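Asker: Quick one, what's the 3D model for this:
(2 chains)
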Amino acid sequence: MPRLLGKYRGLLLPLLLVGGWEYLSRQDAAGAYAFVPLSSIGAALLELLGNGELLVNLAASLARTSSGLALGILFGVALGVWMALSPLANRLIGPLFHSIRQVPMLGWIPLIAMWFGNGEFSKVLIVTLAALYPMVLNTYQGFVHVEQRYREVAQVLVLSRPQQFVHVLLPAALPSIASGALQTLAFAWVTTVGSELFLSSGAGLGNLMMNAEAGSRMEVIMLSVLCIGLCGYLMNLLFTRLSRHLLRWRATR
Amino acid sequence: MPTHRLLNPLTWLISPLALLALWGLVADAGIFPRNLLVPPTQVLHTFEDLVASGELLEHLRNSLSRLGLGFGIGSLCGLAFGILMALSKQVEAYCSPLFHTLRQIPSIALIPMFVLLFGIDETFKIIIVAKTAFFPVALAASEGIKAIPRSYFEVADVYRLRWPTLVREIALPAAVPSIITGFRISLTRAWVVLVATELLAADSGLGQMIEMSRQMLRIDVVMVGVIVTGVIGFALDFSFRQLEQRLFRWQTR
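Answerer: As a prediction, the model looks like this:
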């Protein structure tokens, strides 16, 4: 029995929390308003799954994340490579990039909303920008910190510049690019939800939450939050596994 | 050569100045409506007006006092919790599953839920800032303390150091760098989340100023707000970085 408790003691606090929540929801009307009973969360889950609302919004958010992510990674890697390989480009673009980077992503939302409206384009643009920054930084770091001896080997073998890039620099920089993509993933997901909260038009989990807030439907908000957390966790897990598999040729430190 | 060295830092200014000039030219050429693309000089004038009327400083003071209070509460609780988690196996076994689950949920996604739970008063903003500040600090503290090599304690054993000396001379210097980094990350995140919160629900503060002017189509005020947000974020990050460097000059890493 003590061993059983030992193994599952991590579950004790979450269970207590859920129990406390349920207890508070049964106290009075005000309690039931803020702390919705668990049964109604379950009912809301069935309802949202039944009319497909949850899936539609989730799919819209995921599609937005992945298109923003793809664009951001593409441009980010390109810009990072350019800045790392050409000192002139680094000198000219670097300061501009670093000064623009200081403005938090969510600060751009009001400006972007005024310039481009609150449609799909603005949201994808915001996610793309959010994905761009960490990608550029990590790609740049990866290429700048290639070990000197690798470069020397490339010189000894008299590789041409494209050959150097493909066979020496790129493989050496890939781990850093991959870790950048991992950061980017979490960033893009949060920013997608954030942009949907601000520009609530069309489908999306953020929009679902805003509507639920307007209708003070706590159970729908709870479900969305759970869904957002779970998706973020799964994406993280998936990508970590994937990059470990793809970079398995590399001797781990 | 001396002129070259003198001119070198100036090249960093080329691209920001070029962008500024381009912006001014395009705005003056009148290709876009003047209320959508305001010239930089007007933004500067608006900034001066806002400073002169004290409006900007008022908003700034509100935002910064919220940040200070929320960050103070959140980071100190996070520090205490992180140390507890690192030192006691019991605490860790009980708390870590819940801790790591809650850590996955982005603060922004919690805004609608906290609005329903706590209303849109001051409490809500401080709680959300504190929540944002809590997790990075707690994580950094627990990881930092756990990462102290066992051999350090063995050396302390050999010298028969007493507890206070052990903590002061060995544990603190070994763990503090990562804790300070945790503080820095959580401060910049807290700032972003605070501005986002004010954008969504507030009656004062920098974010509210931006959102208000957005609704009144005052792009110049929005831009002033966005730039001030960026400068403050940068200043907070920069000062913590300076602190890090000053405190850990002795480190060879």
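Asker: contacts and neighbour counts: CA atoms only from here.
Answerer: Noted.
Asker: per-residue confidence at the residue in the stretch 51-200 of chain A that chain B sits nearest to?
Answerer: Nearest to chain B in the stretch 51-200 of chain A, going by C-alpha to the nearest C-alpha, is A:V103, at a distance of 3.9 Å. Per-residue confidence (pLDDT) for A:V103: 77.
Asker: Show me what from the stretch 101-250 of chain B comes close to chain A.
Answerer: Neighbours of chain A within the stretch 101-250 of chain B, by C-alpha under 8 Å from any C-alpha of the partner chain: B:104-106, B:108-110, B:112-113, B:116-117, B:192, B:195-196, B:200, B:210-211, B:214, B:217, B:219, B:222-223, B:226-227, B:229-231, B:233-234.
Asker: coming back round to it: surely the residue of the stretch 51-200 of chain A closest to chain B touches B:M223?
Answerer: No. Counting by C-alpha atoms under 8 Å, A:V103 stays clear of B:M223, with 10.9 Å between them.
Asker: Compare neighbour counts for those two and give me the winner.
Answerer: Neighbour totals were compared for A:V103 and B:M223, and B:M223 leads with 24 against 20 (other C-alpha atoms under 10 Å in any protein chain shown).
Asker: can you count the residues close to residue 203?
Answerer: Using chain A here. Residues near A:A203, counting by other C-alpha under 10 Å, number 18.
Asker: if you could check chain B rather than the one you did, that'd help
Answerer: 15.
Asker: secondary structure class for it?
Answerer: Secondary structure state of B:D203, per DSSP: H, G, I helix; E, B strand; the rest coil, is coil.
Asker: Just the helices from chain B, written as ranges.
Answerer: B:2-7, B:14-29, B:40-52, B:55-87, B:89-103, B:107-118, B:122-146, B:150-158, B:163-166, B:172-200, B:206-215, B:219-247 (DSSP state H).
Asker: dump the residue contacts of A:L129.
Answerer: The neighbourhood of A:L129, defined by C-alpha atoms under 8 Å, 6 or more residues apart in numbering or on different chains, consists of A:G72, A:M105.
Asker: And it, how close does it get to A:I93?
Answerer: Applying C-alpha to C-alpha, to the nearest Å, the value for A:L129 to A:I93 is 16 Å.
Asker: again, but for A:W108
Answerer: For A:W108, the distance to A:I93 (C-alpha to C-alpha) stands at 20 Å.
Asker: So which of the two has more stuff around it?
Answerer: Neighbour totals were compared for A:W108 and A:I93, and A:I93 leads with 19 against 16 (other C-alpha under 10 Å).
Asker: Show me which residues of the stretch 1-150 of chain A sit near chain B.
Answerer: Counting by C-alpha under 8 Å from any C-alpha, the residues of the stretch 1-150 of chain A that sit close to chain B are A:9-14, A:34-35, A:91-96, A:102-104, A:106-108, A:110-111, A:114-115.
Asker: Which of these are buried? Put it as a ChimeraX command.
Answerer: In ChimeraX, a selection of the buried entries from those looks like this (16 or more other C-alpha atoms under 10 Å in any protein chain shown):
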select /A:9,10,11,13,14,34,35,91,92,93,94,95,96,102,103,104,106,107,108,110,111,114
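Asker: Which ones among the residues of the stretch 1-150 of chain A next to chain B lie within helices?
Answerer: Short answer: the residues of the stretch 1-150 of chain A next to chain B in helices (DSSP H) are A:12-14, A:34, A:91-96, A:106-108, A:110-111, A:114-115.
Asker: my guess is A:S25 meets A:S40, correct?
Answerer: No. In this structure, A:S25 is not within contact of A:S40 by C-alpha under 8 Å, at 10.7 Å.
Asker: between those two, who's got more neighbours?
Answerer: A:S25 (19 against 13).
Asker: Listing request: residues of chain A with sub-threshold pLDDT.
Answerer: For chain A, the stretches flagged by pLDDT under 70 are A:1-7, A:30-34, A:250-253.
Asker: Setting the sequence-adjacent residues aside, check what's closest to the residue in chain B positioned nearest to chain A.
Answerer: Of all residues in chain B, B:G230 sits closest to chain A, at 3.9 Å by C-alpha to the nearest C-alpha. Distance criterion C-alpha to C-alpha, 6 or more residues apart in numbering or on different chains; nearest residue to B:G230, sequence neighbours excluded, is A:V103 at 3.9 Å.
Asker: Now do the same contact list for the one you found.
Answerer: Residues in contact with A:V103 (C-alpha under 8 Å, 6+ apart) are B:V226, B:I227, B:T229, B:G230, B:V231, B:G233.
Asker: Make JSON lines out of those residues and add neighbour count.
Answerer: Below are the contacts of A:V103 laid out as JSON lines (neighbours: other C-alpha atoms under 10 Å in any protein chain shown):
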{"residue": "B:V226", "neighbour count": "23"}
{"residue": "B:I227", "neighbour count": "18"}
{"residue": "B:T229", "neighbour count": "22"}
{"residue": "B:G230", "neighbour count": "21"}
{"residue": "B:V231", "neighbour count": "16"}
{"residue": "B:G233", "neighbour count": "20"}
